[in-house]
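>>> show me how the following folds:
(one chain, ligands or ions: 1)
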Amino acid sequence: MSKIIVLMGAPGAGKGTQARLLQQRMGLPQISTGDMFRALLKTETPLAGEVRPILASGQLVPDELTIRIVRDRTGREDCGEGYILDGFPRTTVQAEMLEQIASEQGHHVIAILVDVPFDVLEKRLTGRRTCPVCGEIYNVYFKPPAREGFCDVHPEVHLAQRADDNAETIKTRLMTYQRDTQPLLDYYDATDRLRRADGTREPEAIYADIEQAVTGEP
Ligand code: AP5
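The predicted model follows:
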């Protein structure tokens, strides 16, 4: 049966890093709600005006809008063989809606927690830099680019720092994760669909666990 791979974990745990590897190596589309909202902010529409302060504060975008964009995106042809969800679901309502979407689409949901203690996350988030062209993710402490401040793949492009990767917003994002998203781990555990990967190791070691969890499933 085709799969929806739900990557779970706190802000900065490495969901995006692992989702990109899965996309490159398994050929399944990576669907990141955070990336979709950041793309929306570039449109200067009234909706972008509503979403901008929510992202800037580290709160969650309302379920109704989030579910709508996920339903639209996952209904596209490239998702027929399954897909990777990075950053969704984040609330009980979203998780319930994903069950419905999965059943309509004929996919099986498997959740994987990239597990990282909170004290490691701040450095990961404040040190993160991203290429605005290809989305490649760097870190000034853990994965610096070959030339400081520039993408390895696009050597002429300056790396960007996310607006929500500042100390105050990080605090709110972590609190929001604990309050709204962490309870979903029990939800997937109770139905034996949660796998865990120790996210403090090198990305390749984490990927190996995730790959095993995904391919070991029926
Ligand atoms: P989103 O973009 O999803 O942000 P997040 O969940 O806070 O997660 P991040 O993207 O910050 O971290 P990540 O786990 O992907 O880590 P990464 O791989 O980049 O959401 C942003 C906002 O959008 C939310 O706050 C909310 O407002 C809104 N939103 C999104 N989805 C929503 C939803 N479903 N409902 C409502 N609102 C929603 O890695 C981080 C850094 O660590 C990088 O520098 C990387 O190089 C480094 N790193 C990664 N792995 C390792 C490793 N193994 N060792 C050392 N360094 C590592």
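>>> report the contact partners of the residue most central in space within the chain.
Nearest to the geometric centre of the chain sits Asp86, at 2.9 Å (Cα atoms, centre = their mean). Taking Cβ atoms under 8 Å, 6 or more residues apart in numbering, we find Asp86 in contact with 7, 15-16, 19, 30-35. (Glycine included, C-beta is placed from N, CA and C.)
>>> for the ligand, what's its nearest residue on this protein.
Gly34 (1.9 Å; Cβ to the nearest ligand atom).
>>> helix/strand/coil for that residue?
Here Gly34 is recorded as helix under DSSP: H, G, I helix; E, B strand; the rest coil.
>>> which residue is the nearest non-sequential neighbour of it?
Closest residue in space to Gly34, ignoring its immediate chain neighbours: Gly87 at 4.8 Å, by Cβ to Cβ, 6 or more residues apart in numbering.
>>> please look at that neighbour and Arg38 and confirm they touch.
No: at 10.9 Å, Gly87 and Arg38 do not qualify as touching, with contact defined as Cβ atoms under 8 Å.
>>> would you mind listing what in the protein touches the ligand?
Residues of the chain lying near the ligand by Cβ under 6 Å from any ligand atom: 9, 11-17, 33-34, 37, 54-55, 58-61, 66, 87-88, 90, 94, 124-125, 127-128, 137-139, 142-143, 164, 173, 199, 202-203, 206.
>>> which of those residues count as buried?
In the residues of the chain next to the ligand, burial by neighbour count holds for 9, 11-17, 33-34, 37, 55, 58, 60-61, 66, 87-88, 90, 94, 124-125, 127-128, 137-139, 164, 173, 199, 203, 206, counting by 16 or more other Cβ atoms under 10 Å.
>>> tell me which of those fall in strands.
Among these, the residues falling in strands (DSSP state E) are 128, 137-139.
>>> redo these as a markdown table? Include pLDDT and distance to Phe118.
A markdown table is the format used below for these (pLDDT from 0 to 100; distance: Cβ to Cβ, whole Å):
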| residue | pLDDT | distance to Phe118 |
| --- | --- | --- |
| Arg128 | 97 | 16 |
| Ile137 | 95 | 20 |
| Tyr138 | 97 | 22 |
| Asn139 | 97 | 17 |
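>>> show residues contacting the helix or strand that Leu21 is a member of.
Taking DSSP states H and E as the criterion, Leu21 maps to helix 15-26. The set of residues external to helix 15-26 that reach it, using Cβ under 8 Å, 6+ apart, is 5, 7-9, 28-30, 32, 34-35, 84, 86-87, 114, 135-137, 203, 206-207, 210-211, 214.
>>> pull that helix out as CSV, backbone CA atoms only.
Extracted C-alpha coordinates of helix 15-26, given in CSV (Å, rounded to 0.1, in the frame of the first residue of the first chain):
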residue,chain,number,x,y,z
LYS,A,15,12.4,17.2,9.7
GLY,A,16,13.2,19.3,6.6
THR,A,17,16.7,17.9,6.3
GLN,A,18,15.4,14.3,6.4
ALA,A,19,12.4,15.1,4.2
ARG,A,20,14.7,16.4,1.5
LEU,A,21,16.8,13.2,1.6
LEU,A,22,13.7,11.1,1.4
GLN,A,23,12.4,13.1,-1.5
GLN,A,24,15.8,12.8,-3.4
ARG,A,25,16.2,9.1,-2.7
MET,A,26,12.7,7.7,-2.6
